[in-house]
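Asker: sequence and predicted model, in that order:
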Amino acid sequence: MAAHQEKKPSEERKHRGTQNDTRTSQVQWGRAWEVDWFSLASILFLLMFAPFIVYYFIMSCDQYQCSLIDPLTDLFTGNRHLSDIWNKTPTLTYRAAGIYTLWVAFQVFLYVFIPDFCHKFLPGYVGGVQEGAVTPAGAVNKYEINGLQAWIITHVLWFANAYYFHWFSPTIIFDNWIPLLWCANVLGYAVSTFAMIKSYFFPTNAEDCKFTGNFFYDYMMGIEFNPRIGKWFDFKLFFNGRPGIVAWTLINLSYAAKQQELYGQVTNSMILVNVLQGIYVLDFFWNEAWYLKTIDICHDHFGWYLGWGDCVWLPYLYTLQGLYLVYHPVQLCTANAIGILVLGLISYYVFRMTNHQKDLFRRTNGNCKIWGKKPEYIECSYMSVDGTKYYSKLMTSGFWGWARHFNYTGDLMGSLAYCLTCTCGFQHILPYFYIVYMTILLTHRCIRDEHRCFSKYGKDWKRYTAAVPYRLIPGIF
Ligand code: NDP
């Protein structure tokens, strides 16, 4: 990656640290080495309850028309018992297991065996073999970027089936939603457990492993940085993008098909959810090479948080608006629909432009124009595990001069737009879960990232926060 973390070879030897320096930088850079009580408590809570939270949301739609309150009321008043709810829950079926196995196998096939051809004919698209960022141990991994192609092939086949072949009903995902939830959990736990075992016995890069000595923390936050099988099968890139994000748009399409089947029409709110989230997903794959520079790939280790999260949390909870609209087919008045569309498009613009500005700045090492001017920045340095000193730059121009995470602000505005599609008076909390969750996720991510950046850049980071004092909302936070 050209200018991301620029290494100046001439100065490298001069700055090579002692064993102690090395240990210090190793202790500080990346995810935690030591686990505080709050982190441990949060992790235990999530490990124990996250699968039930997902189940609760999906079950409440299946049995209570998406009301999150009614199941609790029923339980507290003794109207129903847990066993009644559980007995009404669809179980794992051979059909769901078959669908899920085929689905994951097909995505593995597209990822591993079909090298990218999109970059050969799509102007501006960066695909094929690309380099990731420098890891804490100083390694640079290569990735086969072919997610856009996988997304296109999958969706072409989906539409070909829906309109021409009729091998299966387009409502297949909705119709098997709870049995598929069990399959997704099996994969999520299997892959997280495999990643844990692998990190002990055959890690891809032993120097990039982190052991805290706390089993639960290590299981959740991961030990290996970039686990791989063979040269190309990268766990992080595959699990986040393929079973998770390719599925996102298919799930929404399945919900739209279900609305058509149940009500004879697809509402404008469902179309809005499909379009706005479709733009977000397509953007992700169009910029998959850029994704190599995001926190997930550059800083997070691969554990349950990413493995289970990508298999279960993301496909099930990011698609709640579409699920809600199957049970409550909201038809928005034209003014509301246009207002939400405009909010969604503005948010997307803010999200994309902010990310683009940083990417352009880092790719060109600051030799670019941001809003027509040469960007301003703060020079900073950091050290990798082997004691090599690297140089980097933190931009203070464009949206990055407004707030330190304005890309998150765009993301949050977009999340609000998705939720508002379900508005027809305030009937249920469920469709708003996404904006609440994203606010918690991105605020926590913001704090986590800043903590890490401070550990990495030290006083240079302080100079940056003095120059750009707000995190998400200029003048407020
Ligand atoms: P960023 O893309 O904001 O990356 C943060 C990193 O960028 C920092 O660690 C630092 O890395 C570098 N950086 C920070 N400030 C500057 C600056 N001023 N100039 C140059 N580089 C800087 O964060 P994420 O990876 O978390 O997010 C990427 C996108 O993905 C966001 O738009 C976010 O909204 C979205 N996202 C969506 C999620 C979802 O579930 N829908 C979940 C997570 C993210 P370095 O060490 O290289 O300096």
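Answerer: Sure, I can see it. Numbers count the residues shown, from 1 in each chain.
Asker: make it CA atoms for all contacts and neighbour counts henceforth
Answerer: OK.
Asker: how deep is the closest residue to the ligand within the chain tucked in, by neighbour count?
Answerer: Per C-alpha to the nearest ligand atom, the residue of the chain with the smallest distance to the ligand is Thr294, at 3.2 Å. Residues near Thr294, counting by other C-alpha atoms under 10 Å, number 15.
Asker: distance of it from Leu420?
Answerer: Distance check for Thr294 against Leu420: by C-alpha to C-alpha, to the nearest Å, it reads 28 Å.
Asker: next structured bit after the strand or helix carrying Phe45?
Answerer: Using DSSP states H and E, Phe45 maps to helix 37-64. Beyond helix 37-64 in the direction of the C-terminus, DSSP H and E gives the next helix or strand as helix 70-77.
Asker: tell me the gap between the helix or strand that that following helix is followed by and the middle of its chain.
Answerer: Using DSSP H and E, the helix or strand that follows helix 70-77 in sequence is helix 82-88. Here the centre of helix 82-88 is set off from its chain's centre by 32 Å, with C-alpha atoms, centre = their mean, to the nearest Å.
Asker: skipping adjacent residues, who's closest to the residue nearest the centre of the chain in space?
Answerer: Centroid-nearest residue in the chain, with C-alpha atoms, centre = their mean: Asn240, separated by 6.2 Å. With C-alpha to C-alpha, 6 or more residues apart in numbering as the criterion, Asn240 has its nearest non-adjacent residue at 5.2 Å, and that residue is Asp310.
Asker: so what's that neighbour up against?
Answerer: Neighbouring residues of Asp310 by C-alpha atoms under 8 Å, 6 or more residues apart in numbering: 188, 239-240, 243-244.
Asker: over to His155?
Answerer: Here His155 is in contact with Leu250 (C-alpha under 8 Å, 6+ apart).
Asker: and if you look at Leu442?
Answerer: Applying C-alpha under 8 Å, 6+ apart, we find Leu442 in contact with Tyr408.
Asker: tell me how far it lies from Gln331.
Answerer: 30 Å.
Asker: ditto for Tyr143
Answerer: Separation of Tyr143 from Gln331 (C-alpha to C-alpha) stands at 43 Å.
Asker: what's the answer for Ser269, then?
Answerer: Per C-alpha to C-alpha, Ser269 is found 6 Å from Gln331.
Asker: please identify which of those two sits among more neighbours.
Answerer: When Ser269 and Gln331 are compared for neighbours, Ser269 comes out ahead with 26 against 18, by other C-alpha under 10 Å.
Asker: grab the nearest non-local neighbour of that one.
Answerer: Spatial nearest neighbour of Ser269, chain neighbours left out: Thr421 (5.2 Å); criterion: C-alpha to C-alpha, 6+ apart.
Asker: would you agree that neighbour is in contact with Val275?
Answerer: No: Thr421 lies out of contact with Val275 (C-alpha atoms under 8 Å); the separation is 11.4 Å.
Asker: of the two, which one has the most company?
Answerer: Thr421 (25 against 17).
Asker: pull the contacting residues for the more buried one.
Answerer: 269-270, 272-273, 321, 330, 332, 337, 340.
Asker: biggest separation within these, which pair?
Answerer: Gln321 and Ala337 (14.8 Å; C-alpha to C-alpha).
Asker: who's more crowded, the two?
Answerer: Per other C-alpha under 10 Å, whichever of Gln321 and Ala337 has more neighbours is Gln321, with 26 against 18.
Asker: so what's the residue count around Thr204?
Answerer: 18.
Asker: not counting residues beside it along the chain, what's closest to it?
Answerer: Spatial nearest neighbour of Thr204, chain neighbours left out: Pro227 (5.6 Å); criterion: C-alpha to C-alpha, 6+ apart.
Asker: residues contacting the one you found?
Answerer: Counting by C-alpha under 8 Å, 6+ apart, Pro227 makes contact with 195, 199, 203-205, 234-236, 302.
Asker: C-terminal to the longest helix along the chain, what's the next element?
Answerer: The single longest helix within the chain, with elements called by DSSP state H, is helix 334-363. Next helix or strand after helix 334-363 toward the C-terminus (DSSP H and E): strand 377-383.
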